[in-house]
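Asks: A structural model of the following input is requested.
(one chain, ligands or ions: 2)
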Amino acid sequence: MWGIAGAGRAGVSLLFRRVPRLVSAHCAAGCNICLRVAAGVQTWVQTWFQSRAYVRTGPHQTPGKLMRIGEEKKMVICIEGNIASGKTTCLEYFSKSSNIEVLTEPVSKWRNVRGHNPLALMYQDPERWGITLQTYIQLTLLDRHLSSISAPVRMMERSIFSAKYIFVENLFRSGKMPEVDFAVLSEWFDWITTNISLPVDLIVYLHTSPQTCHERLKHRCREEEKVIPLEYLESIHQLYEDWLIKQTSFPLPAPVLVIPADHDLKTMLHLYEENRDKILAAPCV
Ligand SMILES: Nc1ncnc2c1ncn2[C@@H]1O[C@H](COP(=O)(O)OP(=O)(O)O)[C@@H](O)[C@H]1O
Ligand SMILES: Cc1cn([C@H]2C[C@H](O)[C@@H](COP(=O)(O)O)O2)c(=O)[nH]c1=O
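Replies: Ligands and ions are numbered 1, 2, ... in the order given. Prediction:
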C-alpha cells in the first residue's frame, strides 16, 4: 500500500483549494462543464486519499514523499563496490541470518528483458545502448528499493544512487553518453528521488583495488563482461572513491562503513563477522 509521507488533512485541503483555481484558469465564468469536472476531480482525490493516505510517523519520515506503508521501521543497508568486488558473496554470507533479507542486483533482468540483452548491447556499443540499459537499471533498482520484505533488515546490492552517481556518470564523463540521454536520465532520477521516499541507513563499501576486481571478473567469466578492460574498472573505482571515501562528488544517502575487500575469501568472511554488530547497529534515520 502507498501513502504520502506527512500528507494529512492539510495536504488534502490544499489540493481541494487548487482544483477550482485550475478550473477558473480555463473558464473564468465557471461554465457547467468546468464545475462538473471540478466536482469529479474533488471526489476522486477525496476517495483516493481516504483509501490510501497515511501520515508517516516512523523513523524514515520525509514529508511530502510517496512511500510504501509498513516499510518505515525497517533498516536498509546497501552493499556497494566495483564490479566483481565481492558484493554478491557478501550478501550470500549475510543471507544466512534470519533477521536479514537480502536483495541481489537483478542482473538476470538486465541480461534478458523480453528476449533482449541490454547489458551485452551496452558493452558492445555504449553510445547507442547506454541510455537503454541505464533506464532499465534505474527502474529495476527502484523496484528493489520499494519491494516489501518481511525481515526487519533489508540488505541490498547497490542502489539507485550508485547506478546514477557511478555508472551513468561514468558513461557521460567518458563521452560515451550523449548529453541529451544524460539529461533525460537525470530528470528521471531527480523526479524519483524528490517524490519517492528511498531511505538508506548504511552504505557498506567493499573497498578493493581495480586489479583485484579485474582478476575476479576474469575468474567469474560473465560472457558480456569479457570486453571490460582494467581502465574501465579504474574509472568506476575513482568515481566510488570520490563519492564514498573523499565524499566530494555527490550527496551521501547514508553513513558509510568501509571494509577492505582485497583479501581471500576466508579472511573476508571473518571480516564480515567482525563487522556484523557495526552493520546491524546502524540507526534507522
Ligand atoms: N574474497 C574473494 N577472494 C577471491 N575471489 C572472490 C572473493 N570474493 C568473491 N570472489 C569471486 O569473485 C567473483 C566476483 O564475486 P561476486 O561476489 O560475484 O562480486 P560482485 O557481486 O561484487 O560482482 C566470483 O567468482 C566470486 O566467487
Ligand atoms: C548498477 C549498474 C551495473 N552495471 C553493470 C556492471 C556489471 O557488468 C553488471 C553488474 O555486475 P556486478 O558484478 O554486480 O557489479 O552490471 C551497469 O552497467 N550499470 C549500472 O548502473
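Asks: for the residue nearest in space to the middle of the chain, phi and psi?
Replies: By CA atoms, centre = their mean, the chain has its centre lying nearest to residue 160, at 2.3 Å. For residue 160, the backbone dihedrals are phi -60, psi -30 (criterion: degrees, to the nearest 10).
Asks: my read is residue 77 is in a helix, agree?
Replies: No - Residue 77 is assigned strand when assessed by DSSP: H, G, I helix; E, B strand; the rest coil, not a helix.
Asks: That one is in contact with residue 156, isn't it?
Replies: Yes - the pair residue 77 and residue 156 passes the contact test of CB atoms under 8 Å, sitting 7.1 Å apart. Backbone N, C-alpha and C define where each C-beta goes, glycine included.
Asks: Point out where the chain drops to low pLDDT.
Replies: 1-62, 71-72, 283-285 (pLDDT under 70).
Asks: Which residues of it lie near ligand 2?
Replies: Taking CB under 6 Å from any ligand atom, the part of the chain that reaches ligand 2 is made up of 83-84, 87, 105, 107, 119, 122, 133-134, 137, 158, 163, 167, 225.
Asks: what about 5 Å?
Replies: 83, 105, 137, 163, 167 (CB under 5 Å from any ligand atom).
Asks: between those, which is closest to ligand 1?
Replies: Using CB to the nearest ligand atom, residue 83 is the member of the residues of the chain next to ligand 2 that sits closest to ligand 1, with 5.5 Å.
Asks: shouldn't that closest one be in contact with residue 236?
Replies: Yes - at 6.5 Å, residue 83 counts as touching residue 236 under the criterion of CB under 8 Å.
Asks: any idea how far residue 234 is from ligand 1?
Replies: 16 Å (CB to the nearest ligand atom, to the nearest Å).
Asks: Next: residue 73.
Replies: Taking CB to the nearest ligand atom, one finds residue 73 at 28 Å from ligand 1.
Asks: State whether that residue is indeed within a helix.
Replies: No - assessed by three-state DSSP, residue 73 does not belong to a helix; its assignment is coil.
Asks: how many other residues sit next to it?
Replies: Using other CB atoms under 10 Å, residue 73 has 11 neighbouring residues.
Asks: same question, residue 188
Replies: 16.
Asks: what about it, which helix or strand?
Replies: Element membership for residue 188, per DSSP states H and E: helix 179-195.
Asks: mind listing what the helix or strand that comes right after that helix pairs with, with the direction of each?
Replies: Using DSSP H and E, the helix or strand that follows helix 179-195 towards the C-terminus is strand 202-207. Applying DSSP bridges to the sheet, strand 202-207 is found paired with strand 75-80 (parallel), strand 256-260 (parallel).
Asks: winner for burial among those?
Replies: Greatest average neighbour count among the strands paired with strand 202-207 goes to strand 75-80 (a mean of 25), per mean count of other CB atoms under 10 Å.
Asks: and it, how far from the chain's centre?
Replies: Offset of strand 75-80 from its chain centre (CA atoms, centre = their mean, to the nearest Å): 10 Å.
Asks: what does the stretch 151-285 of the chain have sitting close to ligand 1?
Replies: 216, 220, 265, 268.
Asks: Out of these, the closest to residue 241 would be?
Replies: Sorting those by distance to residue 241 puts residue 216 at the head of the list, at 18.4 Å, by CB to CB.
Asks: Helix or strand for the closest one, just tell me which one.
Replies: Short version: residue 216 belongs to helix 210-220, going by DSSP H and E.
Asks: Could you identify the helix or strand that succeeds that helix?
Replies: helix 230-240.
Asks: Contacts for that following helix next, please.
Replies: Residues outside helix 230-240 that contact it (CB atoms under 8 Å, 6 or more residues apart in numbering) are 80-83, 162, 165-167, 169-170, 173-174, 205, 208-211, 213-214, 217, 249.
Asks: Could you export stretch 142-153 as PDB, CA atoms only?
Replies: Below are the C-alpha coordinates for stretch 142-153, written out as PDB (Å, rounded to 0.1, in the frame of the first residue of the first chain):
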ATOM      1  CA  LEU A 142      13.700   1.500  -7.900                       C
ATOM      2  CA  ASP A 143      11.600  -1.700  -7.700                       C
ATOM      3  CA  ARG A 144      14.200  -3.300  -5.400                       C
ATOM      4  CA  HIS A 145      14.100  -0.300  -3.100                       C
ATOM      5  CA  LEU A 146      10.300  -0.400  -2.900                       C
ATOM      6  CA  SER A 147       9.800  -4.100  -2.700                       C
ATOM      7  CA  SER A 148       8.200  -5.200   0.600                       C
ATOM      8  CA  ILE A 149      10.100  -7.600   2.800                       C
ATOM      9  CA  SER A 150       9.200  -9.500   6.000                       C
ATOM     10  CA  ALA A 151      12.500  -9.400   7.900                       C
ATOM     11  CA  PRO A 152      13.500  -6.300   9.900                       C
ATOM     12  CA  VAL A 153      16.700  -5.700   8.000                       C
END
